[in-house]
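> Compute the structure for the input listed below.
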Amino acid sequence: MANNDENRWMQRLENLEKANRQLTAACRLKKYSELELAGLIKSFEMTFELAWKTLKDLLFYEGYEVKSPREAVLKAFEAEILDDSKPWLEALQSRNLMSHTYDAEAAAEAERLIKGSYAPMIDGLIAALRSRKAKP
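Numbering: from 1, shown residues only. Purely as a prediction, here's the structure:
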């Protein structure tokens, strides 16, 4: 059973890495059409969803049970998987802002947050999870 749990979080990590490659590519653009900006935001939403679910699966493997993204972030911080829970909780809260891509100001703010804070935060998580995966 434990081996299946380990495989589950590692498989989820692989999916997170694939989604993050798309997000990274989207972040490289300097200017966005409305459709491209909506794509950046959706790519972030998908990657963020995979990030918290990867944390959830890893935590389950390590003996913790969490059900919500908020619980996963707080427990991952407590378990020293995350260095800081605050930006993750802010990103979680910002998902409401992300649904308003039709509002130019909200979309511009989402772009700023994704490129300036959230994408680098996800990169850091992936690096931390890779090193955790590499440990015997």
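> what's the burial count for the nearest residue to residue 54 once chain neighbours are set aside?
Beyond its immediate neighbours in the sequence, the residue positioned closest to residue 54 (C-beta to C-beta, 6 or more residues apart in numbering) is residue 12, lying 4.4 Å away. For the C-beta atoms, the positions are set from N, CA and C on the backbone; glycine is no exception. The local packing count at residue 12 equals 19, with neighbours defined by other C-beta atoms under 10 Å.
> My guess is residue 12 contacts residue 57. True?
Yes. Applying C-beta atoms under 8 Å, one finds residue 12 in contact with residue 57, separated by 5.0 Å.
> just to revisit the earlier point, what distance do you get for the residue nearest to residue 54 to residue 99?
Applying C-beta to C-beta, to the nearest Å, one obtains 24 Å for the distance of residue 12 from residue 99.
> Likewise for residue 62?
From residue 62 over to residue 99 (counting by C-beta to C-beta), the distance is 33 Å.
> And the two? Which one has more around it.
Neighbour totals were compared for residue 62 and residue 99, and residue 62 leads with 15 against 12 (other C-beta under 10 Å).
> tell me which helix or strand of this structure sits lowest on mean pLDDT?
For the chain, using mean pLDDT, DSSP states H and E, the weakest element among its helices and strands is helix 86-98, scoring a mean of 88.
> how many degrees apart are the following helix or strand past it and helix 86-98 in direction?
Stepping forward along the backbone from helix 86-98, the first helix or strand reached (DSSP states H and E) is helix 104-113. Using axes from the mean of the first three to the mean of the last three C-alpha atoms, to 10 degrees, the inter-axis angle of helix 104-113 relative to helix 86-98 is 150 degrees.
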